[in-house]
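Novice: A predicted structure for the sequence below; I have some questions about it.
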Amino acid sequence: MNARHRLLFTLLIALLVLLFALDLVVGSVHLSPTEVWRALTGGEVAASTLKIVRSIRLVKAIVAIAAGAALAVSGLQMQTLFRNPLAGPFVLGISSGASLGVALLLLGAPLMGWSGSAWFASLGLAGAAWLGAALMLALIATVSRRIKDIMVILILGMMCSSGMDAVVQILQYLSNEGALKSFVIWTMGSLGDVTGNQLGLLLIAVGLGLVVAVATIKSLNLLLLGENYARTMGLSITRSRRLIFLSTTLLAGTVTAFCGPVGFIGLAVPHVARMLFREADHRILIPAAALTGSCVVLLCDIVSKWLTLPINTITALMGIPIVVWVVLRHKQIA
């Protein structure tokens, strides 16, 4: 790590702290920085202020940091694995698997008369989404044992994703207005639906995903030069794929389960990290992408509060120009 990298990491950490503090202050209820500080440090404040800061804004800000890091790192892994600058964390159908799980809970269960079942009630949106994402991972892992070509796996993942989306559309067509509205709201994404009890589970799953991502750094660096070169260096491609798929599902699948499908972060942020650090080494890129993703999602959350809009609309508006730039840049190179 050179001096420029150290400076950039220092600036990103400082920006992260600033955005985190601003996210705690900004909201529909006006609170001064002094009130927020007192609520965090146990000072004397109104009970309503204490609840707003600790139970709502603090939890939401922590979720934003975890979600940004998770989506950015999973996107970086997918772009390296598939050697495709437009690959994102959901190219394997993780988002579609999670959406199918939620659709079966919100739309399918009432149609089957199972909405009153105690098992379905205890499963919850997060559990249904995580189960759908995990089943998709199991399917991809099984396929990857037999198929060596990574692009074939990508195509199969996209086909499975399209099939799941078709099933979801059928359920939407058959469902009543109330169930359909609940599902559409989930698809818009939200950082505020995570409770204090769920936060610990989210952080554990994201933490495990990041640990696995760190374990794949050597594999990712070798895969930059192609799978054939990686094999000649003694890399087990099958094992590396499984670890990367596991990490991506833990990261993107968990965020999708708890927050809904938050788009464009995993696709756009890795390119921002590469542009800032001018580096291809994943020892630098993984922490850079994690910090950049956390800052971007915090910023999107602040803007969404100001404009009173779903966070997915803000991430799309910020991410689309970056994706267009990437497409034009690679077209010029070709």
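Specialist: The structure has been received and is ready for your questions. Residues are numbered from 1 along each chain as shown.
Novice: rest of the way, CA atoms for contacts and neighbours
Specialist: OK.
Novice: so after the one helix or strand Ala268 maps to, what's the next helix or strand?
Specialist: Per DSSP states H and E, Ala268 falls inside helix 265-277. Next in sequence after helix 265-277, counting helices and strands by DSSP H and E, comes helix 282-307.
Novice: The very next helix or strand once past that following helix: how far from the chain's middle?
Specialist: Per DSSP H and E, helix 282-307 leads on to helix 311-333 as the next helix or strand towards the C-terminus. The chain centroid and the centroid of helix 311-333 are separated by 17 Å under CA atoms, centre = their mean, to the nearest Å.
Novice: Please apply the same query to stretch 215-223.
Specialist: Here the centre of stretch 215-223 is set off from its chain's centre by 21 Å, with CA atoms, centre = their mean.
Novice: buried stuff in that stretch?
Specialist: By neighbour count with 16 or more other CA atoms under 10 Å, stretch 215-223 contains the buried residues Thr216, Ile217, Ser219, Leu220, Asn221, Leu222, Leu223.
Novice: Quick check: the last one touching Leu81?
Specialist: It stands for Leu223. Yes. Using CA atoms under 8 Å, Leu223 makes contact with Leu81 at a distance of 6.6 Å.
Novice: In the stretch 1-150 of the chain, where is pLDDT below threshold?
Specialist: Applying pLDDT under 70 to the stretch 1-150 of the chain flags residues 109-123, 148.
Novice: hey, where'd the helices end up in it?
Specialist: For the stretch 1-150 of the chain, the helices defined by DSSP state H, counting those that start in this stretch occupy 3-25, 33-41, 47-50, 58-82, 94-103, 109-112, 118-146, 150-174.
Novice: for those helices, which one ends up most surrounded?
Specialist: Comparing those by mean neighbour count (mean count of other CA atoms under 10 Å), helix 94-103 comes out on top with a mean of 29.
Novice: From the buried residues of stretch 215-223, pick the one nearest Leu22.
Specialist: Ile217 (33.1 Å; CA to CA).
Novice: give the contact list for the closest one.
Specialist: Residues near Ile217 by CA atoms under 8 Å, 6 or more residues apart in numbering: His282, Arg283.
Novice: What distance do you get for the residue lying farthest from the centre of the chain to Gly189?
Specialist: Relative to the centre of the chain, the most outlying C-alpha is that of Glu44, 36.7 Å out, by CA atoms, centre = their mean. Going from Glu44 to Gly189 by CA to CA, to the nearest Å gives 34 Å.
Novice: quick revisit: relative to Gln77, which of the buried residues of stretch 215-223 is nearest.
Specialist: Ranked by distance to Gln77 (CA to CA), the buried residues of stretch 215-223 are led by Leu220 at 7.3 Å.
Novice: nearest residue to that closest one other than its sequence neighbours?
Specialist: Nearest non-adjacent residue to Leu220, counting by CA to CA, 6 or more residues apart in numbering: Thr80, 6.5 Å away.
Novice: Out of the helices of the stretch 1-150 of the chain, which gets nearest to Val323?
Specialist: helix 58-82 (12.9 Å).
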